[in-house]
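Visitor: Predicted structure and sequence below. I'll ask about it afterward.
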Amino acid sequence: MDKKESPGHRKSAIPLPLPPKRLNLFERYLSLWVGFCMVTGILIGRALPHAIDIVRSLEFGKGSQINIPIAVLIWLMIFPMMLNCNNVTERKSVDIEGVMVDRVCKEYVGPPSSKVDELR
């Protein structure tokens, strides 16, 4: 007999339950990774105080209190979340150019300068 199903035989409409999704190693031990990085940072700061002073002195301008390494690391941390989008919404979208212009404006234009002056 062929492996084909008989015409009267239907597949079950109820999907089989999927096995529970397990976290990967990094996600499972995230708290330990964070603690390890904090302890490592403290130890490096104690061992190399001069190097920490150099990193601390990297600012956008004198007295700006905006540290360049911290700004870059925060941007690298947030950028993937900004690129994450709802695929269902994009499939329904007809005007992909409008979506791209919107993302570029949100990323590179930012708030109007008047809003920045109000924050100071």
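Guide: On my side now, so go ahead.
Visitor: How much space separates Leu16 from Arg22?
Guide: Counting by C-beta to C-beta, to the nearest Å, the gap from Leu16 to Arg22 is 18 Å. Heads up, the C-betas are built off the backbone N, CA and C, glycines and all.
Visitor: now swap in Leu48 and tell me
Guide: Distance, Leu48 to Arg22, by C-beta to C-beta: 39 Å.
Visitor: Point out where the protein drops to low pLDDT.
Guide: Applying pLDDT under 70 to the chain flags the ranges 1-12, 84-99, 105, 107, 109-120.
Visitor: Who are the contact partners of Lys21?
Guide: Residues near Lys21 by C-beta atoms under 8 Å, 6 or more residues apart in numbering: none.
Visitor: could you pull out the helices for the protein?
Guide: With helices called from DSSP state H, the chain shows them at 25-28, 30-47, 49-57, 68-83, 87-92, 96-104, 113-119.
Visitor: How about residues contacting the shortest one?
Guide: What that stands for is helix 25-28. Against helix 25-28 from outside (C-beta under 8 Å, 6+ apart): Trp33.
Visitor: ok, back up a step: how about TSV for the helices of the chain, with mean neighbour count added?
Guide: Putting the helices of the chain into TSV (neighbours: other C-beta atoms under 10 Å) gives the following:
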stretch	mean neighbour count
helix 25-28	9
helix 30-47	10
helix 49-57	10
helix 68-83	10
helix 87-92	8
helix 96-104	11
helix 113-119	8
